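S.K.: dropping a prediction and its sequence here:
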Amino acid sequence: MTTDITMARPGDEAEILRLIKALAAYERMPDAVKATEESLSATLFDDQPRVWAHLARQDGRVVGVALWFLTYSTWTGSPTLYLEDLFVEEAARGTGAGVALFRALAAEAGRRGCGRMDWAVLDWNEPAKDFYRRMGAAPTSGWEGWRIEGAALDALASA
């Protein structure tokens, strides 16, 4: 089966949101998604996008998505492509869609002069870890992910 990878464009918001919700269900957090088609449109397709997406299509149907943005590494002195989400529908897993998305991201990182790609994986998600290892990736060590959100973020901002 042939997989076509394209950059997302206006009109793809419903498909992207469908896959984000499927990812949330897979990650055991089906009620966590607050994104809407409107919020996706505003962040993906406004005059200064802050996030980008690649879509995997098979027989014209969207079966996978990779959402990413740029950060910066002071150590490499270059941008970093940060992969926020990579998801392929269960029925399309093993068909090469994930590999095609990952290769497209690597090419994008090269075009943008990125020194590396970073992402996070849930500690229990062994299938994802195995996939990333097959791509040549390795887990980082010595760093923990930290987050501030919701009321704590609001309190900090207003202090």
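M.R.: Cool, got the structure.
S.K.: now stretch 13-20, how far from the centre of its chain.
M.R.: Counting by C-alpha atoms, centre = their mean, to the nearest Å, stretch 13-20 is centred 12 Å from the centre of its parent chain.
S.K.: also stretch 105-124?
M.R.: Averaging C-alpha positions (C-alpha atoms, centre = their mean) puts stretch 105-124 9 Å from its chain's average.
S.K.: for that stretch, measure first residue to last.
M.R.: Counting by C-alpha to C-alpha, to the nearest Å, you get 24 Å between the two ends of stretch 105-124.
S.K.: what does stretch 52-72 give?
M.R.: By C-alpha to C-alpha, the extent of stretch 52-72 from end to end equals 16 Å.
S.K.: one more: stretch 46-63?
M.R.: 24 Å.
S.K.: which residues are in contact with that stretch?
M.R.: With contact meaning C-beta atoms under 8 Å, 6 or more residues apart in numbering, stretch 46-63 is reached by 1-8, 12, 15-16, 18-19, 43-44, 64-69, 84, 88-89, 91-92, 95, 97-98, 100-101, 104-105, 108. The way it works is simple: take the backbone N, C-alpha and C, and place the C-beta from them, glycine included.
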